[in-house]
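Participant: give me a 3D structure for the following:
(2 chains)
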Amino acid sequence: MNDRSPDGEAVWAQHSRLRVVPPVQPRKLAKVPFVELADGRLQGVVSSGSDISRVYVSSIAAGTHNYNCSTNNNRPCGGLYGSPCKHLRSLAAEAVLQYGPGRVARYLRVDVPDGAELIDCLTGAHEPAPAAMVFSRFLRHLAYLEVPTTTMPIPEMHWFPAEEAVR
Amino acid sequence: MLAVQLAELLDHHPEGAGEALALVDGFDDTLVHGLARLADERADALAALAGAFATTPIGERLAEAAAEVASGSIAEEHLTALAGGRAALFGAVHDALLADLDAALGRERGPWQPTQETAPEPGPYGAANPLGGVRSWLRELAITGWRGVDHDLVSAVDQIVEALTAAPGQRRLAVLLDGFAAELRASCPIAAMEHLPVRRWADLWTRAVLLAQDGVPPGEPPRPVGMVSGRLLVLGVDVHEHGTAVQFQVHAVLEPADGGPARLVRTGVTAAKVDTIVGPALWKLVHEHKMLLAALADRRSLEVTDLPLLDSGDLVWHDDRALLGKPADPFTTARLHLAGALAPAAPPLDRVPVRIAEPVLVEGYKVTGDGSFDLGGSVITVDIGRLPSCGPLTPKLVAGSSACVGLVRWDGGRWLLQPLAVQTKVKRETVDVGTGDWARGPTDPKVVKAEARAGDAVAVLRERAGRLLRK
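Facilitator: Numbering: from 1, shown residues only, chains lettered A, B, ... in the order given. Okay, the predicted model is just below:
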């Protein structure tokens, strides 16, 4: 039985231990530490290539494909000359690695012909979007790494079987 | 587990379990479209659930809850009563299943001994009690139904989870809600989803309702029933994982230093994580538990001193109270000790079928075409889809195996075997392969290389956290 291609409704309806969220694939996190499909956008955080303490917040809206890139202090990215900057290109490329091309294309509602890059198939234009929300979601994401481990049993985790190995 | 034991287990069907599950299914169906829009037959399902308790002390409360909800007055107390009814039915199914399994295996199980506790004290939160927020979110979910859940409703729980994660003693509820919310979010728009995990989501909802009650025992760290010392012989490690948490649960046999009977115990560690930390990198999150990881990776026994033992049979791990002992492989441990070891009772809240995970040794089977084990004509499904990505065990190794230490589980109306370690032939040599083999890093050169190429996800994110979080 495979959780994600269920062999019938009954299998899904009557099992308690299932993997409902498709697994994400491992990828290098150095350049784009955070990517998510949330709030109707592909959004994430891209580390600056020149300043180790600066990050860019990049996002692409589902449907309209309008995009934005700015520093976390809302300064517009200098690379946006009427087309997506290198940060947006990195964001899209890493999202495809993490979620697979199909899931990203479906979420953004974009047709990507065989052999084409997703970022080149977008039809939107630059549209300012607030960076603060995405940045705070990234900080919340990072904060998980600061939560201490516990040796108290968590029986609720029995509902969440291990991620299947992809080898 | 011998062929006759498996045959007995598969032949027996607990009396009344089918009826109990039918009542549960009826209730679960009401959550699909929401309690705000109860068609007649779904209102009947609520009444039927309540009816099953008519002659019990909670019968009156359940009948009232079913009637009120059917008439459109959906208060938290009614939902709590209904969740309690569902949990009690599943508790009874759990007890019947576990009794069958114990009977088949000839396994002795100790009685449940509650810790001597006074009535739980009210939570230390006062007005800022996040449990109220949890209950009202769960009420919204129940009213809306899975089909109506959207991004806004899911996101409403984010801040509550954040508060719970920081609150002392609320880790269980926080971890549960975070995993549940992530599933709902990833499934949006749920109205368009083809198949719904109906029982699963009702399970998670019910569990959350129970844990969100003020003064429920998990609210404070559970007090141990005693302190134990002795030799710990590892059987294997069961890995549980969702986007933001991973639990390594070690199954072991404890030989008490005071000479008492050997006991089946569990111990382990849970770490918070993010979804991009997967595979062998997961072990790095718990690196400070050096003795435990070394025992898993090198197959050694452990000498432990004064570990708290909980009423659930869980030892609270303290790495500084353990020393590495002699080599001990799980197959020898299983052959020598599994038959006679005393199994722990399940505390009331743990009496749910998903929690059944009984270690067994299986040998002398034939592997069938779909990967099941045929043991003298009795066939048990092997859960090869759940082999953790942080270890070397693969479906191929399991399919080529001749002996297996695993956990017997029950899900979807049938018994399953979840492998923890197998004896298998690799290049004509018999080797042992287990889920914990990579606890101190992968040993397969191909995987080591792949890990090196991918870079250290934990280190990268810790660096980013160090630079950005404290500004």
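
Participant: thinking residue B:106 is in contact with residue B:341, fair?
Facilitator: No: using Cβ atoms under 8 Å, residue B:106 makes no contact with residue B:341, being 11.3 Å away. All C-beta spots, glycine's among them, are computed from the backbone N, C-alpha and C.

Participant: these two: which has the busier surroundings?
Facilitator: Of the pair residue B:106 and residue B:341, residue B:341 is the one with more neighbours under other Cβ atoms under 10 Å in any protein chain shown, namely 24 against 10.

Participant: the nearest residue to residue B:7 once chain neighbours are set aside: neighbour count?
Facilitator: Among residues not flanking residue B:7 along the chain, residue B:378 sits closest, at 4.4 Å (Cβ to Cβ, 6 or more residues apart in numbering or on different chains). Number of residues near residue B:378 (other Cβ under 10 Å) recorded here: 19.

Participant: next one: residue B:101
Facilitator: Residue B:101: 24 surrounding residues under other Cβ under 10 Å.

Participant: backbone dihedrals for it, both of them.
Facilitator: Dihedral angles of residue B:101 (phi, psi; degrees, to the nearest 10) stand at phi -60, psi -40.

Participant: where exactly do the strands run in the chain?
Facilitator: The chain I'm using is chain A. A:34-38, A:41-47, A:55-61, A:67-71 (DSSP state E).

Participant: switch to chain B, that's the one I care about
Facilitator: Going by DSSP E, chain B shows strands at B:226-242, B:245-256, B:263-272, B:300-309, B:314-315, B:322-327, B:358-363, B:366-367, B:373-375, B:378-382, B:401-411, B:414-426, B:429-434.

Participant: let's have those strands in JSON lines, adding mean pLDDT.
Facilitator: What follows is those, written out as JSON lines (pLDDT from 0 to 100):
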{"stretch": "strand B:226-242", "mean pLDDT": "96"}
{"stretch": "strand B:245-256", "mean pLDDT": "98"}
{"stretch": "strand B:263-272", "mean pLDDT": "97"}
{"stretch": "strand B:300-309", "mean pLDDT": "97"}
{"stretch": "strand B:314-315", "mean pLDDT": "96"}
{"stretch": "strand B:322-327", "mean pLDDT": "97"}
{"stretch": "strand B:358-363", "mean pLDDT": "97"}
{"stretch": "strand B:366-367", "mean pLDDT": "96"}
{"stretch": "strand B:373-375", "mean pLDDT": "96"}
{"stretch": "strand B:378-382", "mean pLDDT": "96"}
{"stretch": "strand B:401-411", "mean pLDDT": "97"}
{"stretch": "strand B:414-426", "mean pLDDT": "95"}
{"stretch": "strand B:429-434", "mean pLDDT": "94"}
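
Participant: any idea how far the residue sitting nearest the centre point of chain A is from residue A:49?
Facilitator: Nearest to the mean C-alpha position of chain A, by Cα atoms, centre = their mean, lies residue A:36 at 2.4 Å. As judged by Cβ to Cβ, to the nearest Å, residue A:36 and residue A:49 stand 22 Å apart.

Participant: likewise for residue B:81?
Facilitator: From residue B:81 across to residue A:49, the span is 58 Å (Cβ to Cβ).

Participant: which one of the two has more residues nearby?
Facilitator: Between residue B:81 and residue A:49, residue B:81 has the larger neighbour count (other Cβ under 10 Å), namely 24 against 12.

Participant: run a quick neighbour tally on the closest residue in space to that one that isn't next to it in sequence.
Facilitator: Closest residue to residue B:81 apart from its sequence neighbours, by Cβ to Cβ, 6+ apart: residue B:65 at 3.9 Å. Counted with other Cβ under 10 Å, residues neighbouring residue B:65 total 26.

Participant: list the contacts of residue B:65.
Facilitator: Listed by Cβ atoms under 8 Å, 6 or more residues apart in numbering or on different chains, the contact set of residue B:65 reads B:46, B:50, B:77, B:78, B:79, B:81, B:82.

Participant: residue B:94 now?
Facilitator: Taking Cβ under 8 Å, 6+ apart, one finds B:346, B:351, B:352, B:353, B:355, B:356 in contact with residue B:94.

Participant: of the residues you listed, which is the most crowded?
Facilitator: residue B:353 (24 neighbours).

Participant: my guess is it meets residue A:16, correct?
Facilitator: Yes: the pair residue B:353 / residue A:16 is scored as a contact, 6.9 Å apart, by Cβ under 8 Å.
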